[in-house]
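> Mind looking at a prediction? Sequence and model below.
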Amino acid sequence: MHQAKMIINGVPNTSDNVVDVINPATEEVFAQCHFGDRDTVNAAVSSARGAFPLWSNLSDEKRKAKLLEVASLLESNMHELMELVTMESGKPMNGLNGIGSGMELGGSIAWTQVGASFDLPVEVIQDNEEARVEVHRKPLGVVASITPWNWPLMIAIWHVIPALRAGNTVLIKPSPYTPVATSRFVELANSVLPAGVLNLVHGDTEVGTAISEHRDINKIIFTGSTPTGKKIMELSASSLKRLTLELGGNDAGIVLPDVQVSEIADKLFGVAFHNNGQTCAALKRLYVHESQYDEVCEALASIANSVKVGNGMNPDSDLGPLQNARQLHIVKSLVESARENRGVILAGGRELDGPGYFYAPTIIADQTDGDRVVDEEQFGPILPVIKYSDLDEVIRRANRNDAGLGGSVWSNDLDRAADVASRLECGTVWINDHGAVQPDAPFGGVKQSGIGVEFGVQGLKECTSIQTIKIAKL
Ligand code: NAD
């Protein structure tokens, strides 16, 4: 049985509070996770604080080299990590359109390599006979990372690598649903990083609360639900921690009437359903012009009925199970509410025979804004297809939601699509695509989808504070 241990000051730690980790495809316990508490958080923060002078004073080149060693370790342990991700998250090894554990590992390696490569040179904003003014970027100190269960390893990398690159030391707390691959990653990283630079404490609300309240943590990078993000913000206020909050999304896609439905149907389906819709920036509300509504609904339902749902260890599975019973319950309740509320279930709409938290990919017609399945983030294999007649009106409807993570416009007329894109209230808009992120382009939400950005130089800057130095010329 796998043991997901904590790591403090380079040393694996166990505890008496051991919690089972369930494989969502079989509902069997496949690992045990050693939970910490407030004392363990204190020990991990002391360890990170102790390692900070050494790590922050290393040259950029040395820190880059260490992170590239971490990337090599991910590469040489790729298959083992892919299996752990599949067993704990349910995500298929290959997955729909190649979006599975293989992609999660490929992304983790790419984000580590590219993240290591960024630089934050001193900016000179004035240099004349009066003065020279320089803007320096300095590490913050101890950065805590709190991660969700949907892309457990890749999101851990998204948090940890820029924090370390900037010279901070780190404490990570993975989701208790998916602690195993992250534990292995931290163990591997600790074989090349100095002791105390990257620490890991397992747990749920108690540990998350201790992190949020801790006076010696300078920043939290959090990815998860909007209510938890708000709680962290509230608890962090007393120590005025910096925060990056990557929260829930309810991304709208707008299909303009000039498209050829047969050309985009597969892609539309893929961006909504990969990883069973359990992706923050998946397409979650699809607005289609009335002239093409029936054709789009029919095409999506036909694809939904043809994809293979099964255990992710089977290389043929396109989609796996929901990651946990709670999420399956949310999905079932949203589909029931649509059914009771004149929604037409064109595909799916039912749980699949167990064991495992499997649910058939579901396409729902005849729901609209104000209906639960449209207004609430489903985070599951459901796509409501919503009819519109007027472009200005559909943009208003897309923007009506509190979430503002991503959005998309589908059209052959790129100028028109760009105009619509500029009017959407969200952090990223894709044209003829959705959810495709890359390590050098900033990503983050507006409105209630979050604060701050990750990735690229902009994301790295968020792991630093500014020190301005003004040198008066005598
Ligand atoms: P969640 O908010 O339930 O949990 C996320 C993490 O927070 C877990 O590690 C959990 O243990 C911890 N936590 C729970 N209570 C806490 C507290 N009081 N204080 C501190 N930490 C606490 O979210 P989830 O169900 O794991 O993930 C799904 C959500 O994450 C969805 O809403 C999804 O959209 C969002 N998400 C957003 C992004 C993004 O980049 N914006 C990416 C992935 C997922």
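Structure received. All figures in this text were calculated on a predicted structure; none of them were measured in a lab. Numbers count the residues shown, from 1 in each chain.
> wait, what's in contact with the closest residue to residue 360 other than its chain neighbours?
Closest residue to residue 360 apart from its sequence neighbours, by C-beta to C-beta, 6 or more residues apart in numbering: residue 348 at 3.6 Å. Every residue, glycine included, has its C-beta placed from N, CA and C. With contacts defined as C-beta atoms under 8 Å, 6 or more residues apart in numbering, the neighbours of residue 348 are 304, 335, 359-363, 381-382.
> Residue numbers of the stretch 301-450 of the chain in contact with the ligand?
By the rule C-beta under 6 Å from any ligand atom, the part of the stretch 301-450 of the chain lying against the ligand is 377, 379, 405, 445, 449-450.
> quick one: whichever residue of the stretch 1-150 of the chain sits closest to the ligand from residue 396, how far?
When C-beta to the nearest ligand atom is the measure, the stretch 1-150 of the chain has its nearest residue to the ligand at residue 148, with 3.2 Å between them. As defined by C-beta to C-beta, to the nearest Å, residue 148 lies at a distance of 30 Å from residue 396.
> quick one, which of the two is more surrounded?
The residue with more neighbours, out of residue 148 and residue 396 and counting by other C-beta atoms under 10 Å, is residue 148; that gives 22 against 12.
> Doesn't that one lie inside a helix?
No. Going by DSSP: H, G, I helix; E, B strand; the rest coil, the assignment for residue 148 is coil, not a helix.
> so how far is stretch 35-48 from its chain's centroid?
25 Å (C-alpha atoms, centre = their mean, to the nearest Å).
> Flag every buried residue along that stretch.
Of the residues in stretch 35-48, 35-36, 38, 40-41, 43-48 count as buried by neighbour count, 16 or more other C-beta atoms under 10 Å.
> The residue nearest to residue 342 when sequence neighbours are not counted: neighbour count?
The shortest distance from residue 342 to any residue that is not its chain neighbour, by C-beta to C-beta, 6+ apart, is 5.9 Å, and that residue is residue 366. In terms of burial, residue 366 registers 18 neighbours under the definition other C-beta under 10 Å.
> tell me the pLDDT at the residue of the stretch 1-150 of the chain closest to the ligand?
You'll see residue 148 listed with a pLDDT of 98.
> Now that it has come up, it's in contact with residue 224, right?
Yes. Between residue 148 and residue 224 there is a contact under C-beta atoms under 8 Å: 4.5 Å.
> Could you pull up the residues touching the nearest residue to residue 394 once chain neighbours are set aside?
If you skip the residues right next to it in sequence, residue 394 has residue 388 as its closest partner in space, 3.9 Å away by C-beta to C-beta, 6+ apart. Residues in contact with residue 388, defined by C-beta under 8 Å, 6+ apart, are 254, 287-290, 394, 397.
> try 7 Å this time
Shown in contact with residue 388 (C-beta atoms under 7 Å, 6 or more residues apart in numbering): 287, 289-290, 394.
> Distance of residue 429 relative to residue 407?
5 Å.
> Neighbour count: these two, which is higher?
Neighbours were counted for residue 429 and for residue 407 using other C-beta under 10 Å; residue 407 has more, 30 against 23.
> quick one: the more buried one is in a strand?
Yes. Using three-state DSSP, the assignment for residue 407 is a strand.
> So in terms of bridging, what pairs with it?
Counting by DSSP bridges, residue 407 is bridged to residue 252, residue 429.
> Name the nearest residue to the residue of the stretch 251-400 of the chain found nearest the ligand, ignoring sequence neighbours.
Here the stretch 251-400 of the chain gets closest to the ligand at one residue, residue 280, 2.9 Å apart by C-beta to the nearest ligand atom. Counting by C-beta to C-beta, 6+ apart, the nearest residue to residue 280 once its immediate chain neighbours are dropped is residue 249, at 4.8 Å.
> Would you mind confirming that residue 217 is in contact with residue 46?
No. Residue 217 sits out of contact with residue 46 when judged by C-beta atoms under 7 Å, with a separation of 11.3 Å.
> Please give me every residue in contact with residue 163.
Contact criterion C-beta under 7 Å, 6+ apart gives 143, 170, 221, 463 as the residues in contact with residue 163.
> Now the buried members of the residues you listed.
Burial by neighbour count, judged by 16+ other C-beta under 10 Å, picks out 143, 170, 221, 463 from the contacts of residue 163.
> okay, the contacts of residue 388 in a markdown table with secondary structure and neighbour count next?
A markdown table is the format used below for those (DSSP: H, G, I helix; E, B strand; the rest coil; neighbours: other C-beta atoms under 10 Å):
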| residue | secondary structure | neighbour count |
| --- | --- | --- |
| 287 | strand | 26 |
| 289 | strand | 19 |
| 290 | coil | 11 |
| 394 | helix | 22 |
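> so how far is the ligand from the spatially most central residue of the chain?
The residue at the geometric middle of the chain, judged as the C-alpha nearest the mean C-alpha position with C-alpha atoms, centre = their mean, is residue 155 (5.2 Å). Distance check for residue 155 against the ligand: by C-beta to the nearest ligand atom, to the nearest Å, it reads 6 Å.
> for that residue, phi and psi?
Dihedral pair for residue 155: phi -70, psi -30, per degrees, to the nearest 10.
> Contacts only, for the residue nearest to residue 152 when sequence neighbours are not counted.
Taking C-beta to C-beta, 6+ apart as the measure, residue 152 lies nearest to residue 178, with 3.8 Å between them; neighbours along the chain are not counted. Taking C-beta under 7 Å, 6+ apart as the contact definition, residue 178 lies against 88-89, 149, 152.
> Which members of the residues you listed are the farthest-apart pair?
Pairwise distances among the contacts of residue 178 were taken by C-beta to C-beta; the largest, 7.9 Å, belongs to 88 and 149.
> So these two - more neighbours on which side?
Between residue 88 and residue 149, counting by other C-beta under 10 Å, residue 88 is the more crowded of the two (30 against 21).
> was I right about the more buried one contacting residue 21?
Yes. Judged on C-beta under 7 Å, residue 88 makes contact with residue 21 at a distance of 6.1 Å.
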